[in-house]
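Q: What follows is a protein structure lacking sequence information:
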């Protein structure tokens with residue numbers, strides 16, 4: 001019997017990268033492939049759904065604003081330690097992302113607001129020329145709530161103390177019945 005030492009990694013690399021065409025179809029494929037990769041990992045509850053929205057928005061921006069004929073964009077997902085990083089690289093380093101004002105009935109113009117609201121951090125890295133990478137990060141470790149924080153929402157949240165002496169989830173008393181179902 002041959003006993004050789006073999007070197008194996010205990011944990012597989014949590015990295016995904018793919019080149020896609022800067023078209024609506026490429027952006028849709030980025031979301032689908034990214035979501036499928038994320039579902040293969042044991043990520044905390046809700047992270048996959050938030051990451052799916054971030055991938056969709058960043059890929060749509062690359063296909064719309066970072067598009068140059070004949071040049072693809074790259075989607076990269078990296079799970080390192082307690083952070084999931086989503087990167088989308090395109091070849092329009094001269095066109096940096098910026099918030100655009102949009103009217104309430106406009107069909108577009110809110111993408112970076114979504115990225116900012118959904119991610120824990122986001123930013124842009126330039127280079128190598130002519131590329132730029134727009135990235136967003138999600139913390140994988142659960143956030144611990146502040147000790148005095150109301151956990152059921154903001155202003156107008158459920159009170160901490162039950163009102164009127166009624167215990168939580170206590171059913172109201174039933175009306176008295178006068179033997180309606182009695183066979184006597």
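A: Looks like it arrived, so ask away. Since we're looking at a predicted model, the values are computed, not measured. Residues are numbered from 1 along each chain as shown.
Q: roughly how far apart are the residue lying closest to residue 112 once chain neighbours are set aside and residue 120?
A: Leaving aside its sequence neighbours, residue 112 sits nearest to residue 99 (C-beta to C-beta, 6 or more residues apart in numbering; 5.1 Å). Every C-beta, even on glycine, is put in place using the N, C-alpha and C of the backbone. Separation of residue 99 from residue 120 (C-beta to C-beta, to the nearest Å): 18 Å.
Q: list the helices and strands the helix or strand of the chain with the lowest mean pLDDT packs on?
A: Lowest on mean pLDDT, DSSP states H and E among the helices and strands of the chain sits helix 111-118, with a mean of 91. When contacts are defined as 3 or more C-beta pairs under 8 Å, 6 or more residues apart in numbering; DSSP states H and E, helix 111-118 sits against helix 47-64.
Q: partners of whichever helix or strand comes after the helix it packs on, with directions?
A: Sequence order places strand 73-80 as the next helix or strand after helix 47-64, per DSSP states H and E. Applying DSSP bridges, strand 73-80 is found paired with strand 15-20 (antiparallel), strand 83-90 (antiparallel).
Q: Report the inter-axis angle for strand 73-80 versus helix 47-64.
A: Going by axes from the mean of the first three to the mean of the last three C-alpha atoms, to 10 degrees, strand 73-80 is angled at 160 degrees with respect to helix 47-64.
Q: Show me what whatever helix or strand residue 34 lives in is in contact with.
A: Here residue 34, judged by DSSP H and E, is contained in helix 24-39. With contact meaning C-beta atoms under 8 Å, 6 or more residues apart in numbering, helix 24-39 is reached by 16, 18, 20, 47-48, 51-52, 55-56, 59-60, 62-63, 72-73, 75, 77, 84, 86, 88.
Q: contacting residues around the closest residue to residue 130 other than its chain neighbours?
A: Excluding the flanking residues, the one nearest residue 130 by C-beta to C-beta, 6+ apart is residue 93, at 4.7 Å. By C-beta under 8 Å, 6+ apart, the contact list for residue 93 reads 126, 127, 129, 130, 131, 132.
Q: For residue 113, which non-adjacent residue is spatially closest?
A: residue 99 (6.8 Å).
Q: how close does the one you found get to residue 118?
A: In terms of C-beta to C-beta, residue 99 sits 15 Å off from residue 118.
Q: The two: which has the busier surroundings?
A: Neighbour count, other C-beta atoms under 10 Å: between residue 99 and residue 118, residue 118 has more, with 16 against 11.
Q: burial of the nearest residue to that one once chain neighbours are set aside, as a residue count?
A: If the residues on either side of it in the chain are set aside, residue 118 comes closest to residue 50, at 5.3 Å by C-beta to C-beta, 6+ apart. Neighbour count for residue 50, taken as other C-beta under 10 Å: 19.
Q: Please verify my assumption that residue 50 contacts residue 115.
A: No - Residue 50 is not in contact with residue 115 according to C-beta atoms under 8 Å; the separation is 10.7 Å.
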